[in-house]
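Novice: any chance you can model this:
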Amino acid sequence: MAEPLLWRAPTRDDIAAWAGLLAVVETVDRTGEYLGAEDLVDDFEAPGAAPASDAVLVLDRDDIVAFGWAQTRGGGERVLLWGAVHPDHRRQGIGTALLGWLERRAAALAAQRGGPVEVEVRAPDSNVGLATLASRRDLVVSRWWYQMQRRLDTPPAPARPPPDGVTVAHFSHALDEAVRVAHNDAFADHWGSDPRSAQDWAQWFTGGRHFRADLSFVALGDGPRGRPDGGRPDGGSPAGAEVVGYLLSYVFEPDAEHNGYTEGWVGQVGVRPPWRDRGLGRCLLTHALRAYQVAGLERAGLDVDTANVTGALGLYRSVGFAPIRTSVSYTRLVAP
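Specialist: Numbers count the residues shown, from 1 in each chain. Alright, predicted model coming up:
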């Protein structure tokens, strides 16, 4: 008779074995993302992370065969239900039990904040079982995402000049806070986006080991007080200028090792609302693609919400990106 599975909270001592599980899962699900031990350490150290209460490991004797983590987003009103089951242990009810555990944890988080939370499960198209499970748990499709890619063995179009009153420069950490403020403004009307605190920004955006300042760009408005509408410039920007757009780039070495090619990752592209529809997004992208090519990178990649309110999907297609993978966000409200 088989021994019952053990469910317990993770500790840092589990990180190496946990990373091993993620590596095996990736051989089947093929998301193109290779999360290693250092990435799990980042999750443990993230602002507000509470793995001792919000995460669980499922063990068969000493082997981790599944995990789940209810990760809060923003002010706590959104919770990402992240998890996976070892391919050899699927279709045994573990995934169903794991999602139930995560939903109960989300309900407890809702009780802590005194109101409902929106839970999200993001399922890659390669994991049909997860999509089926999410649907059975009354989660509904809210968003479709494309992972897009462009080869860099042909020259990108010449870098488009910035619109009048704007200059484009390489990212500087002296502008870091101004870029964070610009990001929160640019993404305020985007689905699922939360304002990023300075601590969050440093952890996940410009302070991580994968961030490449030399491949990132900022657009500075140098018109009256840095805005077409005469508004105040951000603190941290040069006098009379404001960060009106930006593009942040990353290079993930573990992905390159496993995928067999180097890739510049367009992590975030944002243009503040008053500066949209002037070609600034395309200008930033062409600058980045040229920088990737000069740096010797072989491909460029990004994720995009196919229903992005700014028409980003069409922009990315216009500079040569094409979808290579699809994923779906399933959501529903969970009450305390």
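Novice: where along the stretch 151-300 of the chain do the helices fall?
Specialist: 176-186, 198-204, 253-259, 280-294 (DSSP state H, counting those that start in this stretch).
Novice: show me what the second one packs onto, helices and strands only.
Specialist: If you count contacts as 3 or more Cβ pairs under 8 Å, 6 or more residues apart in numbering; DSSP states H and E, helix 198-204 packs onto helix 37-45, helix 176-186. The C-beta positions use only the backbone N, C-alpha and C, and glycine is treated the same way.
Novice: deepest in the core, which of those is it.
Specialist: When the helices and strands packed on helix 198-204 are scored by mean count of other Cβ atoms under 10 Å, the highest mean neighbour count falls to helix 176-186 (a mean of 22).
Novice: the bottom helix or strand of this structure by mean pLDDT?
Specialist: helix 253-259 (a mean of 86; mean pLDDT, DSSP states H and E).
Novice: can you pull the buried residues of that one?
Specialist: By neighbour count with 16 or more other Cβ atoms under 10 Å, helix 253-259 contains the buried residues 255-256, 259.
Novice: list the helices and strands it packs on?
Specialist: Checking 3+ Cβ pairs under 8 Å, 6+ apart, helix 253-259 ends up next to no helix or strand.
Novice: need the residues that contact it.
Specialist: 26, 32-36, 210, 262-263 (Cβ atoms under 8 Å, 6 or more residues apart in numbering).
Novice: nearest to Y330 among the buried residues of helix 253-259?
Specialist: Set against Y330, the nearest of the buried residues of helix 253-259 by Cβ to Cβ is D255 (25.1 Å).
Novice: who's in contact with stretch 183-201?
Specialist: In contact with stretch 183-201 (Cβ under 8 Å, 6+ apart) are residues 46-47, 73-75, 78, 120, 142-143, 176-177, 180, 204-205, 207, 245-246, 268, 270-273, 305, 307-309, 329.
Novice: if you set the cut-off to 7 Å instead, what comes out?
Specialist: Taking contacts as Cβ atoms under 7 Å, 6 or more residues apart in numbering, the residues outside stretch 183-201 that touch it are 47, 73-74, 78, 143, 180, 246, 268, 270-272, 305, 308-309.
Novice: go on, stretch 57-68?
Specialist: Contacts of stretch 57-68 (Cβ under 7 Å, 6+ apart): 3, 5-8, 10, 14, 17-18, 21, 55-56, 83-86, 89, 94, 98, 101-102.
Novice: related to what we said a few turns ago, got the helices of the stretch 151-300 of the chain as TSV, with distance to G221 columns?
Specialist: Formatted as TSV, the helices of the stretch 151-300 of the chain follow (distance: least, Cβ to Cβ, whole Å):
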stretch	distance to G221
helix 176-186	10
helix 198-204	21
helix 253-259	34
helix 280-294	10
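Novice: what is R73 paired to in the beta sheet?
Specialist: R78 (DSSP bridges).
Novice: what does R8 give?
Specialist: Going by DSSP bridges, R8 forms beta bridges with L57.
Novice: distance of it from S172?
Specialist: Per Cβ to Cβ, to the nearest Å, R8 is found 45 Å from S172.
Novice: could you look up the SS state of the residue lying closest to L98 once chain neighbours are set aside?
Specialist: Once flanking residues are discounted, L98 sits nearest to G68: 4.6 Å by Cβ to Cβ, 6 or more residues apart in numbering. The three-state label given to G68 by DSSP: H, G, I helix; E, B strand; the rest coil is strand.
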